[in-house]
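Student: Okay, here's the prediction I keep looking at, along with the sequence it came from:
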Amino acid sequence: MLDSKGFDLWSESYDQSIADSKGYPFEGYYDVLAYVYNQLGSNISGSKILDIGFGTGTLTNRLYQEGAIIYGVDFSANMIKIAQEKMPNGRFVQADFSQGIPPELTGAKFNSIISTYAIHHLDHRAKVDFIKELKTLLAPGGQIIIADVAFRTISDFEECRLKNIDRWDNDEIYIVMEEIEDLLKKQGLNFAYHQISSCAGALVIK
Ligand SMILES: C[S@@+](CC[C@H](N)C(=O)[O-])C[C@H]1O[C@@H](n2cnc3c(N)ncnc32)[C@H](O)[C@@H]1O
């Protein structure tokens, strides 16, 4: 699993490496970003959006250009630098989200909270606890959209893992709905899941 320094090193080549990648883990990457974008609906201008693990800000920058007020959390100084150059008025906090919501965001309210390809750094319980914590930052009527390498069932996960066994990343903990559904329900979270590609999906929490 990459730490902040690993992401610092990847930051310059990140966009190109995704554009060049085929199959797992970024299969359907642009469809995933499009799904999140479409899920946000038509009221982007003026809405307050928090992006967790925004990276180079490919999606966030589109929202910024359309007038959203962008906040973000990322632990990589170089990712923040790249994103800040694209979005001079973006409010980016350098923090490790495995430690929870950074104090800079306490009490803030967002219309939407998004996260793409970042939350697999948390185990299932920590993911659900973090989602529950994020929910306290939602304005009324808001939504959390978490898209990542993800599967509906354990057998879909296994099929993908075996197909990609030579490059599977065993340190990353992907969403498997069958495994986390009960945890989400126990936390009283109202959710829907959408499979987007053979190895990516989005969890929408309202
Ligand atoms: C694979 S990139 C995804 C970037 C972007 N969201 C996208 O969809 O292209 C993961 C991002 O999450 C950040 N990240 C990973 N683990 C993190 C953590 N524990 N705390 C804060 N940021 C983290 C990395 O620095 C990186 O920018």
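Tutor: Received the coordinates, thanks. Residues are numbered from 1 along each chain as shown.
Student: Residue 147 in helix, strand or coil?
Tutor: strand (DSSP: H, G, I helix; E, B strand; the rest coil).
Student: For it, which non-adjacent residue is spatially closest?
Tutor: With C-beta to C-beta, 6 or more residues apart in numbering as the criterion, residue 147 has its nearest non-adjacent residue at 3.9 Å, and that residue is residue 202. The C-beta positions use only the backbone N, C-alpha and C, and glycine is treated the same way.
Student: what do you get for residue 198?
Tutor: residue 27 (5.6 Å).
Student: Then residue 112?
Tutor: residue 49 (4.9 Å).
Student: same check, this time on residue 94
Tutor: Nearest non-adjacent residue to residue 94, counting by C-beta to C-beta, 6+ apart: residue 80, 5.7 Å away.
Student: so who does that neighbour touch?
Tutor: 72, 74, 92, 94 (C-beta atoms under 8 Å, 6 or more residues apart in numbering).
Student: element containing the third one?
Tutor: Pointing back at residue 92 there. strand 91-94 (DSSP states H and E).
Student: What is that strand packed up against?
Tutor: The helices and strands touching strand 91-94, judged by 3 or more C-beta pairs under 8 Å, 6 or more residues apart in numbering; DSSP states H and E, are strand 69-74, helix 77-86.
Student: Report the next helix or strand after it in sequence order.
Tutor: Downstream of strand 91-94 (by DSSP H and E), the next one is strand 110-116.
Student: Quick check: residue 167 touching residue 24?
Tutor: Yes. Using C-beta atoms under 8 Å, residue 167 is in contact with residue 24, at 7.1 Å.
Student: of these two, who's got more company?
Tutor: More crowded of residue 167 and residue 24, by other C-beta atoms under 10 Å: residue 24, with 18 against 8.
Student: how about the chain, which residue sits the furthest from its center?
Tutor: Distance from the C-alpha centroid of the chain peaks at residue 166, with 25.1 Å (C-alpha atoms, centre = their mean).
Student: still on that earlier bit, can you redo the helices and strands packed on strand 91-94 as CSV with distance to residue 142 and mean pLDDT?
Tutor: Below are the helices and strands packed on strand 91-94 laid out as CSV (distance: least, C-beta to C-beta, whole Å; pLDDT from 0 to 100):
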stretch, distance to residue 142, mean pLDDT
strand 69-74, 13, 98
helix 77-86, 22, 97
